[in-house]
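>>> The sequence isn't on hand, but the structure is:
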């Protein structure tokens, strides 16, 4: 997966852990809030850009992660860009949304593209069927937080149709 960089962390319970969003490869049936939060427990910080001669480029910034000081892949951001931190999004969902949905369970949490994108999925409710289709369906809360200056926070419900074992 090209989106996965060496300094990304992602944990998931999908398919017992044998999936591309479980970067450590350890099969798991549960994902604790603490482990999930550890994947996004850093800040994305703006740092000034310099040209090849060491001169400051006014109004242009690159992004770094506070935990390892690695550069987050992006084309540069301007003065007005303010990162929405992945851990803040995660904490908001855990503390304010999950309590309103007692059957919601944490499924996937982590980063892609060198920490630039935060990704979270939560399973909501039980399996359900649609009239005329024997395949079971599941509801998910999906959250994507591209913190690179090239997108916006996306949060919404989606369904997953289970029609084969390869999902």
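Good, I have the coordinates. It should be emphasised that the depicted structure is a prediction, and the values quoted were computed from it without experimental measurement.
>>> List the residues that contact residue 95.
Listed by CB atoms under 8 Å, 6 or more residues apart in numbering, residue 95 has no contact partners. In this view, the C-beta of every residue, glycine as well, is placed from N, C-alpha and C.
>>> so it, which of the three states?
helix (DSSP: H, G, I helix; E, B strand; the rest coil).
>>> So what's the predicted local confidence for it?
At residue 95, the model reports a pLDDT of 97.
>>> got it, and the one 5 residues further on?
If you check residue 100, the pLDDT there is 93.
>>> Please report the distance of the residue nearest the centre of the chain from residue 75.
Centrality entry for the chain: nearest residue to the mean C-alpha point is residue 119, 1.5 Å, by CA atoms, centre = their mean. Computed as CB to CB, to the nearest Å, the residue 119 to residue 75 distance reads 21 Å.
>>> With residue 155 instead?
Separation of residue 155 from residue 75 (CB to CB) stands at 24 Å.
>>> Just want to know which of the two has more residues nearby.
Neighbours were counted for residue 155 and for residue 75 using other CB atoms under 10 Å; residue 155 has more, 14 against 9.
>>> What does the pLDDT read for that one?
Listed pLDDT for residue 155 reads 94.
>>> buried sites along the helix or strand it falls within?
For residue 155, the element it lies in under DSSP states H and E is strand 154-161. For strand 154-161, burial by neighbour count (16 or more other CB atoms under 10 Å) applies to residue 160.
>>> helices and strands around that strand, which ones?
Helices and strands touching strand 154-161, by 3 or more CB pairs under 8 Å, 6 or more residues apart in numbering; DSSP states H and E, are strand 133-146.
>>> residues touching the residue located most distally from the centre of the chain, list them.
Centroid-distance maximum for the chain: residue 53 at 36.3 Å, with CA atoms, centre = their mean. Shown in contact with residue 53 (CB under 8 Å, 6+ apart): no residues.
>>> For it, which three-state class applies?
The three-state assignment at residue 53 reads coil, by three-state DSSP.
>>> Strands of this protein, residue ranges please.
10-12, 44-50, 56-65, 71-77, 104-112, 117-130, 133-146, 154-161 (DSSP state E).
>>> Can I get those in TSV including distance to residue 97?
As requested, these are arranged in TSV below (distance: least, CB to CB, whole Å):
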stretch	distance to residue 97
strand 10-12	19
strand 44-50	22
strand 56-65	25
strand 71-77	26
strand 104-112	8
strand 117-130	8
strand 133-146	7
strand 154-161	9
